[in-house]
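# no sequence on this one, just coordinates:
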Ligand SMILES: Nc1nc2c(c(=O)[nH]1)N[C@H]1C(S)=C(S)[C@@H](COP(=O)(O)OP(=O)(O)OC[C@H]3O[C@@H](n4cnc5c(N)ncnc54)[C@H](O)[C@@H]3O)O[C@H]1N2
Ligand code: MOO
Ligand SMILES: [Mg+2]
């Protein structure tokens, strides 16, 4: 019997998923493995940066008072008593009238209080000694890089949930984190359902297509920072699918299935959730593509029933699964960031549901542009290869025109703490 589904808004669907978030435990890993992981704890500075006064230039450490009357007419001459490179310390006291040749990064000699870079001095030898001539005065502190001027001991530098990239790694290394506390990755199982599916290496035969969703979703899961475990394909047979899903549950934090969530005779996922006694959070969302995305929960384990249509599957993951994964990883920015852009082409097709068009962001003479890419249909796969945004068009009775300002959700940015607010005016039902 055909059962009519009642759509909810995108924001409502996101909110329902986010009621079942969990936070992962912490593990320690080698700093060289930390890229792409999420920090498990905040990082505080346990020392100043720089940790000592140092020279930011190659030049001479001097006592500024020696130069107080120096000018081009009355140059001063200072005796150079030693050369010190970064990593070493001056070996002797520096007396009035003396200077030390120092290289960038060298700790300041205790008796010196200013740096004269090479370019401001002239070196010469006299009486078997080396001297410099200086034709300007220096003040205490001139050209010195001071202890703590960048960061003071005790400062909070990184929040828990920070995505670890090269710059973050630099901070971790600076503060001695050879082992980095990161959030353990959640295990996300993946099944692709569909009797029509061939594996990637198989030749096409009539009625069959290659399974692209499993590999696409596996990549999305990994990009979101989780552990993806692909369990394989399932033919559309209720018992076969039911047992596979039931057995996977013990091994995963969440299970993604693709396909079989709509109202077709062989769309078994809704019935499987029912038989498992899972709590179905929704099975219809006022969005295109991905309207049939179904999410359920059982004893803290999530079932993301993504649509079989590739574009719908992709969008369903980005909007609902990704924020769940990123919250597990302690990220305070689990949602796709939204920016405004100007449409570069007409988009005449009206739709009562919010539409997420695969698109590309552009920058044209200071204007942020938004360009749909490829065919806009739920079953389309090729446009996904060229998209870096989802253009979010509110549902309504009219299409959109070139020059209209539209929202774009950025697929490859760190994210935001603000969930997308769905502007759709809900109609009662829309089944297709
Ligand atoms: N009477 C109605 N029919 C449909 C409705 C509806 O509301 N009423 N919804 C349509 C919408 S919208 C979508 S989206 C699809 C969703 O279908 P399912 O999630 O049940 O997915 P399947 O039926 O299994 O497959 C749909 C489509 O996708 C292809 N597919 C499936 N798996 C893969 C894969 N791993 N890689 C590549 N392509 C895959 C499959 O061959 C089908 O063509 O339902 C509409 N129907
Ligand atoms: O759920 Mo379907 O992807 O809206 O076309
Ligand atoms: Mg179906």
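That came in fine, so what should we check first? Not measured: the values here are computed from a predicted model. Ligands and ions are numbered 1, 2, ... in the order given.

# contacts, neighbours, all on C-alpha from now
Will do.

# residue 373 and residue 366, how far apart?
According to Cα to Cα, to the nearest Å, residue 373 and residue 366 sit 21 Å apart.

# now residue 187
To residue 366, residue 187 is 42 Å away according to Cα to Cα.

# who's more crowded, those two?
Neighbour comparison, residue 187 and residue 366: the larger count goes to residue 187, with 17 against 7 (by other Cα atoms under 10 Å).

# dump the residue contacts of the more buried one.
In this structure, residue 187 makes contact with 226-229, 251-254, judged by Cα atoms under 8 Å, 6 or more residues apart in numbering.

# any idea what it is bridged to?
Beta-bridge pairing of residue 187 under DSSP bridges involves residue 227.

# how about the helices in the chain?
10-18, 166-174, 213-223, 238-248, 269-276, 310-316, 322-328 (DSSP state H).

# of those helices, give the one that comes closest to residue 154.
helix 166-174 (14.1 Å; Cα to Cα).

# list the contacts for the residue nearest to residue 95 when sequence neighbours are not counted?
Of all residues not flanking residue 95 in the chain, residue 111 sits nearest, at 7.5 Å (Cα to Cα, 6 or more residues apart in numbering). For residue 111, the contact set (Cα under 8 Å, 6+ apart) comprises 63, 93-95.

# look up how far residue 100 lies from residue 111.
Distance, residue 111 to residue 100, using Cα to Cα: 10 Å.

# need the overlap of contacts for those two.
Here residue 111 and residue 100 have residue 94 as joint contacts, going by Cα under 8 Å, 6+ apart.

# neighbouring contacts of stretch 371-379?
So stretch 371-379 is contacted by 288-290, 309-312, 343-345, 357-362, 382-383, 386-387, 391 (Cα under 8 Å, 6+ apart).

# and these, which are buried?
288-290, 309-312, 343-344, 357-362, 383, 387, 391 (16 or more other Cα atoms under 10 Å).

# in strands, which of those appear?
Within those, residues falling in strands by DSSP state E are 288, 343, 357-362, 391.

# residues near the residue lying closest to residue 119 once chain neighbours are set aside, how many?
Distances taken as Cα to Cα, 6+ apart place residue 59 nearest to residue 119, at 8.0 Å, with adjacent residues excluded. For residue 59, the count of nearby residues is 21 (other Cα under 10 Å).

# same check, this time on residue 331
Neighbours of residue 331 using other Cα under 10 Å come to 26.

# just residue 240 next, same as before
For residue 240, the neighbour count with other Cα under 10 Å is 11.

# let me know the pLDDT of the residue lying closest to residue 394 once chain neighbours are set aside.
Distance criterion Cα to Cα, 6+ apart; nearest residue to residue 394, sequence neighbours excluded, is residue 354 at 4.5 Å. Listed pLDDT for residue 354 reads 95.

# just checking, residue 354 touches residue 391?
No. Using Cα atoms under 8 Å, residue 354 is not in contact with residue 391, being 9.9 Å away.

# let me see the contact set for residue 422.
Counting by Cα under 8 Å, 6+ apart, residue 422 touches 9-11, 354, 394.

# top of those by neighbour count?
In the contacts of residue 422, the most neighbours by other Cα under 10 Å go to residue 354, 26 neighbours.

# circling back to that earlier point, go through the helices of the chain and name the closest to ligand 2.
Of all the helices of the chain, it is helix 310-316 that lies closest to ligand 2, at 4.2 Å by Cα to the nearest ligand atom.

# identify the residues contacting that closest one?
Here helix 310-316 makes contact (Cα under 8 Å, 6+ apart) with 212-213, 216-217, 258, 288-291, 293, 306-307, 356, 377-381, 384.

# again, 6 Å this time
Residues outside helix 310-316 that contact it (Cα atoms under 6 Å, 6 or more residues apart in numbering): 289-290, 306-307, 378-381.

# what sits opposite the residue nearest to residue 119 in the beta ladder?
Applying DSSP bridges, one finds that residue 59 bridges with residue 102, residue 117.

# how about the residues of the stretch 201-350 of the chain that lie near ligand 2?
Applying Cα under 6 Å from any ligand atom, one finds that the stretch 201-350 of the chain approaches ligand 2 through 288-292, 312.

# same thing but 8 Å
262, 287-293, 307, 309, 311-313 (Cα under 8 Å from any ligand atom).

# show me what from the stretch 151-300 of the chain comes close to ligand 3.
With Cα under 5 Å from the ion as the criterion, the stretch 151-300 of the chain meets ligand 3 at residues 260, 262, 264, 267.

# quick one: contacts for the residue in the stretch 1-150 of the chain positioned nearest to ligand 2?
Using Cα to the nearest ligand atom, the closest approach of the stretch 1-150 of the chain to ligand 2 is made by residue 7 at 11.1 Å. By Cα under 6 Å, 6+ apart, the contact list for residue 7 reads 284-286.
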